[in-house]
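**Q** what follows is a predicted structure for the sequence shown.
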Amino acid sequence: MGRDPKEMTKAERVQASYMADALHRIEREVLRAVTENEGLPQSWHEVATQPSPGKCRVTMCLDVDVVKFFKAMGPGYQTKINLLLRAWMHGRLAKVIKGPDATDIVLRPAVVAEQAKRDIPWGEMADALEQMRLMQEQEAYWERNDEALVEAEGLHPELREKARQRIEARKKGRKM
């Protein structure tokens, strides 16, 4: 994602999860293509080595909110959508955007086929991000609790020492 979810608002975390869901769905479609073609489609190799300067007309249905978003940017929204798709295409060809390698279908065909079949429910990433946020909050709580135990007056020395050890273990874990 690039940004720490702790620095995001809840609305931004939800939008980031939708982005992750969409990218996961694209990855599944790429896996399906690789599975069906028993390797990367030949046209991908051609695109990577001989980009076409021309344009062709296509008819496609897009989600209303997607069209509304791009139209709000002003004239040329189709060009902007094309640029976004081009960026994803080049990211995939450069292996910046992860996906199946041409050798995956040969070396691990069962794994690729299984991944291609798995559908990711919309919102799954939002749930994962929320779970991560809750775990971070819980960790922060335990850290504050241990610091309070170390500083507490009249506390049994053994309890203080165990709290110090937990604090040190967390510090070491962060350095790794």
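**A** Yes, it's here.
**Q** what does the domain assignment say about the chain?
**A** In terms of domains, the chain is parsed into 53-94, 126-175 (source: automatic domain parsing).
**Q** would TSV of those with mean pLDDT be doable?
**A** Below are those laid out as TSV (pLDDT from 0 to 100):
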stretch	mean pLDDT
domain 53-94	85
domain 126-175	82
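**Q** would you turn these into TSV with mean neighbour count and distance to residue 109?
**A** In this view, the C-beta of every residue, glycine as well, is placed from N, C-alpha and C. Converted to TSV, the domains of the chain look like this (neighbours: other Cβ atoms under 10 Å; distance: least, Cβ to Cβ, whole Å):
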stretch	mean neighbour count	distance to residue 109
domain 53-94	11	20
domain 126-175	12	28
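**Q** now render those as TSV, adding distance to residue 5.
**A** Formatted as TSV, the domains of the chain follow (distance: least, Cβ to Cβ, whole Å):
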stretch	distance to residue 5
domain 53-94	22
domain 126-175	6
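**Q** these: which one's closest to residue 13?
**A** Nearest to residue 13 among these is domain 126-175; the distance by Cβ to Cβ comes to 5.2 Å.
**Q** give me the distance from the closest one to the chain's centre.
**A** Computed by Cα atoms, centre = their mean, to the nearest Å, the chain-centroid distance of domain 126-175 equals 28 Å.
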